[in-house]
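S.K.: here is the input, now give the coordinates:
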Amino acid sequence: MLTIYPITTLALVLALIVYFALSVNVGRARATWNVPAPQASGHPEFDKRYRVQMNTLEQLALFVPGVIVGAPVLGDMVAGGLALLWSIGRIVFASAYYTDPAKRGPGFGLTLLPSLVLLLAGAWGAISALILKRQPARHPSECRAGGVLRRAGELPGTGAFRSASRRPRR
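M.R.: Next comes the predicted model:
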């Protein structure tokens, strides 16, 4: 995924950095409001930060597989954009939740929507591959041309491949 989908990979790394930052917020909240580990509850402000971190972890369980199955179908730019939107959604969610948990809806929507789009795209790609009995692209030399999955060396419109051992006739 690193070399085939670089934008998506960077956006996924950003999502993990957002999660790490939210985890650091929980650690700071433990110290600020004197909530010793392993307690998962204590001061209301700590509880908010802890809940945001746990909700983000729960969302990652849906999001990361979505990125993995959705990127080959949607392409690097679209999957990367959706992954970036997910991170923005988590930041909006956290900010709203820290202020007033009742206002977390828009951030949650910005998180859930990209995950669902990625998962549905991955399912669509798998179903299409089964129906068409074609394997999805696995390497950058395999590309989409004219809306049809075409592998390197495939002759357009035939499904046949050029043989490397045959020399052209003169």
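S.K.: shaky segments in the chain?
M.R.: 1-2, 134-170 (pLDDT under 70).
S.K.: from the centre of it outward, give me the first residue you hit.
M.R.: Residue closest to the mean C-alpha point of the chain, counted by CA atoms, centre = their mean, is Val67 at 3.1 Å.
S.K.: I figured that residue hits Leu10, correct?
M.R.: No. Look at Val67 against Leu10 with CB atoms under 8 Å: they stay out of range, at 11.6 Å. C-beta here means a position set from N, CA and C on the backbone, and glycine is covered the same way.
S.K.: longest helix anywhere in this protein?
M.R.: Counting residues, the longest helix in the chain under DSSP state H turns out to be helix 44-74.
S.K.: flag every buried residue along it.
M.R.: For helix 44-74, burial by neighbour count (16 or more other CB atoms under 10 Å) applies to 46-53, 55-56, 59-60, 62-64, 66-74.
S.K.: so how far is that helix off the chain centroid?
M.R.: Relative to its chain's centre, helix 44-74 lies at 10 Å (CA atoms, centre = their mean, to the nearest Å).
S.K.: just checking, next helix/strand downstream of that helix?
M.R.: helix 76-99 (DSSP states H and E).
S.K.: for the first helix or strand past that next one going along the chain, name the packing helices and strands.
M.R.: For helix 76-99, the succeeding helix or strand toward the C-terminus, using DSSP H and E, is helix 105-132. If you count contacts as 3 or more CB pairs under 8 Å, 6 or more residues apart in numbering; DSSP states H and E, helix 105-132 packs onto helix 44-74, helix 76-99.
S.K.: tell me what angle the first one forms with helix 76-99.
M.R.: Taking axes from the mean of the first three to the mean of the last three CA atoms, to 10 degrees, helix 44-74 and helix 76-99 form an angle of 170 degrees between their directions.
S.K.: which neighbouring elements make contact with helix 44-74?
M.R.: Using 3+ CB pairs under 8 Å, 6+ apart: helix 44-74 touches helix 6-32, helix 76-99, helix 105-132.
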